[in-house]
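> all I have is the shape, not the residue letters:
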């Protein structure tokens, strides 16, 4: 495995090379190729676009081969395919695997787009299309960087594998089994993810953690049918009342989660963790105002960012039952339902947390109704990479060189299952190295990608690969 000493961290070690001129010369061709890529409606969630996802996979494979990447092939998964390639001619050097995805989100609502989502348009230095930022524009960047190095230097500075999938936007359902089956093929020192972004146009960042996830549904059943509230009110348990009492037992009024054992395995935030989080600019007042709320709320003893990035949550996502139409219907409903998701942090396990919630429900279920809990799809383990991981240290130096300032160390309250998947199966951490920005309407109408970020990313990837190969 990669030792810390195998990466030179001396300041100023990175130098420009012939690849820089190649990137400039080929920029018009590269841009046209990206536009061709963006025209493919590779929506992985819609069965009618399955052939388009396959078309995108074929396009990626052909583009990797043209770049000089070897062993390129499409690998079946039982769902949308994986495109794999490699360049392994650097004995004694580390091996990294570059990850990205070529599938996209659906385009609905279509009427909110200013232009057709799969007819890319360039305006004001931005390319507008579904998938431009997430993740086609970003995942094309390392392929172009590899081509520039191979065409000008004749080799890559270290061993590189490429892993591009076509099912990320649907949760990569076949990937756990696929990665476990192909451990030898995918073996590497660490992974570099081309799916992600930077903090701002002029401020880099390194994402070091994402939250895990578990999801459950609670169903409360009462009488066989809905009943007249006058005829039966006060005589039997109301499933809606029972559900509300049960849900209220899970959190205290101040936001602390009351499920026994919920916090037992949570890895505490260290002083260094808190310092890095505090270094990222944040205005609580502006945050609240932007959301249209009077004040923030959450677990005591932590800042808003610490709660959002480094503490677990238990949230109600939906609750329903009974009459919800206009006017009044004097009904005593016979059932009530709620959906819950928990965002988990380092060392929490989604199966264990689900079991804790099930035990809480069994203990606190009100009398007079039948309460059941169903585990829903969507579980994922949390992910945390050490801030001083060799890949992060190299990325830190390259980003500082490219942006002229040091990166922030950020976390996300969202979930990125593939990072933990690689860590569990390959014993390989994932370093985030991508160039999208938060305002680029990812998953929304009028998605776009800044061409300046796209070009900067090509330079940064060349520098990173050179840096890691020293």
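Looks like it arrived, so ask away. For clarity, every value in this text was computed on a predicted model and none was experimentally measured.

> count of neighbours near residue 128?
Number of residues near residue 128 (other C-beta atoms under 10 Å) recorded here: 24. From N, CA and C alone the C-beta is placed, and that goes for glycine too.

> what's the closest residue to it other than its chain neighbours in contact with, if anything?
Leaving aside its chain neighbours, residue 128 sits nearest to residue 448 (4.5 Å; criterion: C-beta to C-beta, 6 or more residues apart in numbering). Residue 448 makes contacts with 126, 127, 128, 129, 132, 133, 440, 441, as judged by C-beta atoms under 8 Å, 6 or more residues apart in numbering.

> so the second one, which of the three states?
Reducing the assignment at residue 127 to three states with DSSP: H, G, I helix; E, B strand; the rest coil gives strand.

> where does the prediction get shaky in the stretch 251-400 of the chain?
Within the stretch 251-400 of the chain, no stretch has pLDDT under 70.

> where along it do the strands fall?
For the stretch 251-400 of the chain, strands defined by DSSP state E, counting those that start in this stretch occupy the ranges 315-320, 331-332, 335-344, 370-380, 383-384.

> buried deepest among those, which one?
Counting by mean count of other C-beta atoms under 10 Å, strand 383-384 has the highest mean neighbour count of those, with a mean of 24.

> how long is stretch 341-350 end to end?
Distance across stretch 341-350, first residue to last, is 10 Å (C-alpha to C-alpha, to the nearest Å).

> contact partners of that stretch?
Identification of contacts with stretch 341-350 by C-beta under 8 Å, 6+ apart yields 209, 211-216, 265-267, 310-315, 317, 353, 357, 378-384, 413, 415.

> run the chain-centre distance for that stretch.
Counting by C-alpha atoms, centre = their mean, to the nearest Å, stretch 341-350 is centred 15 Å from the centre of its parent chain.

> shouldn't residue 470 be in contact with residue 90?
No. Residue 470 lies out of contact with residue 90 (C-beta atoms under 8 Å); the separation is 11.5 Å.

> what sits in contact with each of those two?
Listed as contacting both residue 470 and residue 90 by C-beta under 8 Å, 6+ apart are residue 157.

> and the strands of the stretch 251-400 of the chain as a markdown table, adding distance to residue 304?
Shown next, in a markdown table, are the strands of the stretch 251-400 of the chain (distance: least, C-beta to C-beta, whole Å):
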| stretch | distance to residue 304 |
| --- | --- |
| strand 315-320 | 15 |
| strand 331-332 | 41 |
| strand 335-344 | 15 |
| strand 370-380 | 24 |
| strand 383-384 | 20 |
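
> domain parsing for the chain?
As recorded under automatic domain parsing, the domains making up the chain are 4-210+382-468, 212-266+312-380.

> make sure residue 98 is indeed in a strand.
Yes. Under three-state DSSP, residue 98 falls within a strand.

> what residues are bridge-paired with it?
residue 162, residue 192 (DSSP bridges).
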